[in-house]
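A.B. asks: pasting the sequence and the predicted model now:
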Number of protein chains: 2
Amino acid sequence: MSMDDIYHMPGHLIRRAQQIAVSLFLEECAPVDLTPVQFAALVTVRDNPGIDATRLSALVAFDRSTLGNVLERMEAKELIQRSGSKGDKRIKVLHLSPKGERVLQEAGPLAQRAQERILAPLAPEDREIFMRMLGQLVELNNEASRVPLRLDAVRSSDAA
Amino acid sequence: MSMDDIYHMPGHLIRRAQQIAVSLFLEECAPVDLTPVQFAALVTVRDNPGIDATRLSALVAFDRSTLGNVLERMEAKELIQRSGSKGDKRIKVLHLSPKGERVLQEAGPLAQRAQERILAPLAPEDREIFMRMLGQLVELNNEASRVPLRLDAVRSSDAA
DNA sequence: GAAAAATCGTCCGTATACTGATTAACAGGA
DNA sequence: TCCTGTTAATCAGTATACGGACGATTTTTC
């Protein structure tokens, strides 16, 4: 196990790919001041109005504790609203603010461009192949993750 | 840009792959109490005795600020030694401790197994293809990263 | 050789990631 | 109704990741 082996280890390359993906995303989305995690949360809250934090974390495969801080920052930026639920007093339901809607609208094309730049080094005909393999790797390793994706997280009724 | 699009975005899948890779690594390497970052640092210090933190950060593509904390923890665990350089008083040179050598020896096979588990979901004939593409993506996007890999970081003379 | 530029380690602030513990609230059964 | 098990949110602790700034020092340049 030498230094040169490190450079060819999947874990190492994935870590660097993550550095690159985040960097490109932040660069493209600087005008809207969004991180990749915040963007994903924003989209998912919009598509699931009235969802709670725990379900949201399952839908985007975020750690529940981390998500609390993320939502706090997004609330401070007035992108989302957190309000108590009448039915269940433990829950805080989430909704996009008008500002959140506007920001998300503007962020869409920027995020898209970041994704294109991530794959840009691959030959066009390889990009789909790569994405298919990456998807397979993630999907079949889902349970290995500390925070598995849970698509069965019930779509919260908008009973805020 | 809907929620389902998120699931097929390179950035999102890379983030989840990173979660998985770290999780599998920590699981396999629990006996030696090493994180992926600490393992890479350990290997690189062993292969470049007397290196300083700045060069090390370039060789493994770590952020310099982060690396300071990582090295601090590794010194606390007595895996490495940091000592002032005679020649240049700004520099602290790095060396593996005997315990660091032992731990690294034990960690090698464990780290190897973690890497195999990461790629396990792919068909055997696809693994090489995937790694080649991933390597290409990282290499050609190197400059896009906040902390580009710098192989020209001079191999520090062991002139501690 | 002294001023200017570059370098090294460090610290601060922010954001993500995960564990484990705690507290409040809910839900079902005895 | 009380008890139990579960769930939601939060907090404390650890680790990674990055930018920016700072002091000490070294190197460059004039």
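C.D. replies: That came in fine, so what should we check first?

A.B. asks: my read: residue A:96 touches residue A:102, true?
C.D. replies: No. Counting by C-beta atoms under 8 Å, residue A:96 stays clear of residue A:102, with 9.6 Å between them. Where you see a C-beta, it was placed from the backbone N, CA and C, and this is true even at glycine.

A.B. asks: give the contact list for residue A:92.
C.D. replies: Residue A:92 makes contact with A:52-53, A:82-85, according to C-beta atoms under 8 Å, 6 or more residues apart in numbering or on different chains.

A.B. asks: for it, list each beta-bridge partner.
C.D. replies: Counting by DSSP bridges, residue A:92 forms beta bridges with residue A:84.

A.B. asks: can you pull out the low-pLDDT segments for chain A?
C.D. replies: A:146, A:153-160 (pLDDT under 70).

A.B. asks: how about the helices in it?
C.D. replies: For chain A, helices defined by DSSP state H occupy the ranges A:3-6, A:10-28, A:36-47, A:53-60, A:64-76, A:98-119, A:124-140.

A.B. asks: return the distance of the shortest one from the chain's centre.
C.D. replies: Offset of helix A:3-6 from its chain centre (C-alpha atoms, centre = their mean, to the nearest Å): 31 Å.

A.B. asks: helices and strands around it, which ones?
C.D. replies: Taking 3 or more C-beta pairs under 8 Å, 6 or more residues apart in numbering or on different chains; DSSP states H and E as contact, the helices and strands that helix A:3-6 lies on are helix B:36-47.

A.B. asks: can you give me the buried ones in the helix it packs on?
C.D. replies: B:36-47 (16 or more other C-beta atoms under 10 Å in any protein chain shown).

A.B. asks: what of stretch A:94-105?
C.D. replies: For stretch A:94-105, by 16+ other C-beta under 10 Å, it's A:94-96, A:100, A:103-104.

A.B. asks: now stretch A:78-93
C.D. replies: Counting neighbours by 16+ other C-beta under 10 Å, one finds that the buried residues in stretch A:78-93 are A:79-81, A:91-93.

A.B. asks: how close does the residue nearest to the spatial centre of chain A get to residue B:87?
C.D. replies: Nearest residue to the geometric centre of chain A (C-alpha atoms, centre = their mean): residue A:40, 3.5 Å. In this view, residue A:40 and residue B:87 are 49 Å apart by C-beta to C-beta, to the nearest Å.

A.B. asks: quick one: residue A:69 from residue B:110, how far?
C.D. replies: Noted for residue A:69: a distance of 32 Å to residue B:110, by C-beta to C-beta.

A.B. asks: those two: which is more packed in?
C.D. replies: residue B:110 (17 against 10; other C-beta atoms under 10 Å in any protein chain shown).

A.B. asks: I'd assumed residue B:33 was in contact with that one.
C.D. replies: No. With contacts counted by C-beta under 8 Å, residue B:110 stays clear of residue B:33, the gap being 11.0 Å.

A.B. asks: neighbours around residue A:111, how many?
C.D. replies: By other C-beta under 10 Å, the residues close to residue A:111 number 24.

A.B. asks: how close does it get to chain B?
C.D. replies: Separation of residue A:111 from chain B (C-beta to the nearest C-beta, to the nearest Å): 7 Å.

A.B. asks: in contact with that residue, which residues?
C.D. replies: A:25, A:28-29, A:34, A:39, B:1, B:9, B:11.

A.B. asks: re earlier: which of the buried residues of helix B:36-47 come close to chain A?
C.D. replies: Contacts with chain A within these, as defined by C-beta under 8 Å from any C-beta of the partner chain: B:36, B:40, B:43-44, B:47.

A.B. asks: in CSV, list the contacts of residue A:92 along with distance to residue A:59.
C.D. replies: Formatted as CSV, these follow (distance: C-beta to C-beta, whole Å):
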residue, distance to residue A:59
A:52, 11
A:53, 11
A:82, 17
A:83, 19
A:84, 21
A:85, 18
